[in-house]
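Engineer: sequence and predicted structure below; questions after.
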There are 2 protein chains.
Amino acid sequence: MTRWEPGAAERLQEAALELFATRGFEQTTATEIAQSVGLTERTFFRHFSDKREVLFHGQHLLTQAFLAGVEGAPPDASPMEIVASALRSATTSFFPDERRHRSRSRQSVIDQNPALQERERHKLASLATAVAGALRARGVDDLAATLAAESGVTVFRIAFAQWLREDEQRSLADLTAEVLRELLALTRDRA
Amino acid sequence: MTRWEPGAAERLQEAALELFATRGFEQTTATEIAQSVGLTERTFFRHFSDKREVLFHGQHLLTQAFLAGVEGAPPDASPMEIVASALRSATTSFFPDERRHRSRSRQSVIDQNPALQERERHKLASLATAVAGALRARGVDDLAATLAAESGVTVFRIAFAQWLREDEQRSLADLTAEVLRELLALTRDRA
């Protein structure tokens, strides 16, 4: 009989972040993470396919926030305007300033481990694929959809890294808008 | 005593591609790759840190071709013009049409394996970091350098995937120029 553990994934993620930060990612096992919050290894693997995945819990919600922004853009919006809407939607709903501290802890674990960095890149690539699909569903042609989505995710990634810097005060939504403006200026600059 | 094997890395890569294609990546060991060309496992690991790396041999030469293009751009070139120069340099020197067939075989191995896809993303990320560094060295400011380099690598990745399609006849240099034009048009289109 499988017992449903309410909020188990969140508790496991919280515990994992704590253990990864104090002992290191490599030195922490799935069993230890589970035990530290009174759960079993089996429960861990019911929620996460491997130890790396625990750091990417919530990824599908982030993707949904991007897609909600694509849907919310006006019917006559250009591809890059749709992407701007997706970025606004995702950054305001998903990364309020209260979350910055926790995001910093998580990032410092990822930055210390090449395998986690690869996984993170992969997740962002999946996000770009999902956004490109949503753009195509709105009638944007294939190449434009891919380029706009990839550019949007690049903007998000750069702004996110800036948001996590120790002395940074601006919100992620503001930083994202700023990086997007810089991208548009850059590409217009070319003769 | 370490014996130097001339061209060993290339022979190992050739053999690996063959074995990965026929038996599958997971089912092929480093020892088998080495033995198939009369070399030892030790020689394999002298050239490659793991089995995945064998597919990314030559990455540093690709990076150098990009950097040569950055250096070759006129002193007054805008960041995106420098990136266009880097793309031209890399695609013409590194991916002549004779290489298309081999690149297709390699890509089909990568496409079948998520761990290889992650490694590939990581390599492209390193390429973007190198190009951004070269732009900064030319005096481009930090954010513009990062955005221009990332955009360039995105253009390269999209054009490369198109180049490998079964029915594609255009050169990689032409495809890259076309995708770059589309990116510039897209970002100009925004009101």
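Structural biologist: Perfect, I can see it now.

Engineer: quick one: low-confidence parts of chain A?
Structural biologist: A:1-6, A:190-191 (pLDDT under 70).

Engineer: what does it put close to chain B?
Structural biologist: A:78-81, A:84, A:114, A:117-119, A:121-122, A:125, A:143-144, A:146-148, A:150-151, A:154-155, A:158, A:179, A:182-184, A:186-191 (CB under 8 Å from any CB of the partner chain). (Glycine included, C-beta is placed from N, CA and C.)

Engineer: okay, and which of these map to helices?
Structural biologist: A:79-81, A:84, A:114, A:117-119, A:121-122, A:125, A:143-144, A:146-148, A:150-151, A:154-155, A:158, A:179, A:182-184, A:186-189 (DSSP state H).

Engineer: buried members of the residues of chain A next to chain B into PyMOL, please.
Structural biologist: Buried residues within those, by 16 or more other CB atoms under 10 Å in any protein chain shown, are selected in PyMOL with:
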select buried, chain A and resi 78+79+80+81+84+117+118+119+121+122+125+143+144+146+147+148+150+151+154+155+158+179+182+183+184+186+187+190
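
Engineer: which outside residues touch stretch A:9-19?
Structural biologist: Applying CB atoms under 8 Å, 6 or more residues apart in numbering or on different chains, the contact partners of stretch A:9-19 are A:5, A:28, A:32-34, A:36-37, A:39, A:43-44, A:47-48, A:51, A:54-55, A:57-58, A:102, A:105-106, A:109.

Engineer: check the secondary structure at A:Leu39 for me.
Structural biologist: Look at A:Leu39: counting by DSSP: H, G, I helix; E, B strand; the rest coil, its state is coil.

Engineer: ugh, wrong one, I meant A:Arg11
Structural biologist: Counting by three-state DSSP, the backbone at A:Arg11 sits in helix.

Engineer: repeat for A:Arg165
Structural biologist: Assigned by three-state DSSP, the conformation of A:Arg165 is coil.

Engineer: burial count for it?
Structural biologist: Residues lying near A:Arg165 (other CB atoms under 10 Å in any protein chain shown) number 10.

Engineer: on that earlier part again, buried ones among the contacts of stretch A:9-19?
Structural biologist: Neighbour counting by 16+ other CB under 10 Å classes A:5, A:28, A:33-34, A:36-37, A:39, A:43-44, A:47-48, A:51, A:54-55, A:57, A:106, A:109 among the contacts of stretch A:9-19 as buried.

Engineer: please, which helix or strand holds A:Asp50?
Structural biologist: For A:Asp50, there is no helix or strand it lies in under DSSP states H and E.

Engineer: residues touching it, list them.
Structural biologist: Taking CB under 8 Å, 6+ apart as the criterion, A:Asp50 is in contact with A:Ala30.

Engineer: for A:Val140, helix, strand, or coil?
Structural biologist: Under the three-state scheme (three-state DSSP), the conformation of A:Val140 reads as coil.

Engineer: which residues touch it?
Structural biologist: A:Val140 makes contact with A:79, A:82, A:148, according to CB under 8 Å, 6+ apart.

Engineer: now the first one. Nearest residue, chain neighbours left out?
Structural biologist: On the basis of CB to CB, 6 or more residues apart in numbering or on different chains, the spatially nearest residue to A:Pro79 that is not a chain neighbour turns out to be A:Ala148, at 3.9 Å.

Engineer: wait, doesn't the one you found sit right on A:Met80?
Structural biologist: Yes. Counting by CB atoms under 8 Å, A:Met80 is a contact partner of A:Ala148 at 5.7 Å.

Engineer: hey, what's in contact with both of the two?
Structural biologist: Contacts common to A:Ala148 and A:Met80, judged by CB under 8 Å, 6+ apart, are B:Leu186.
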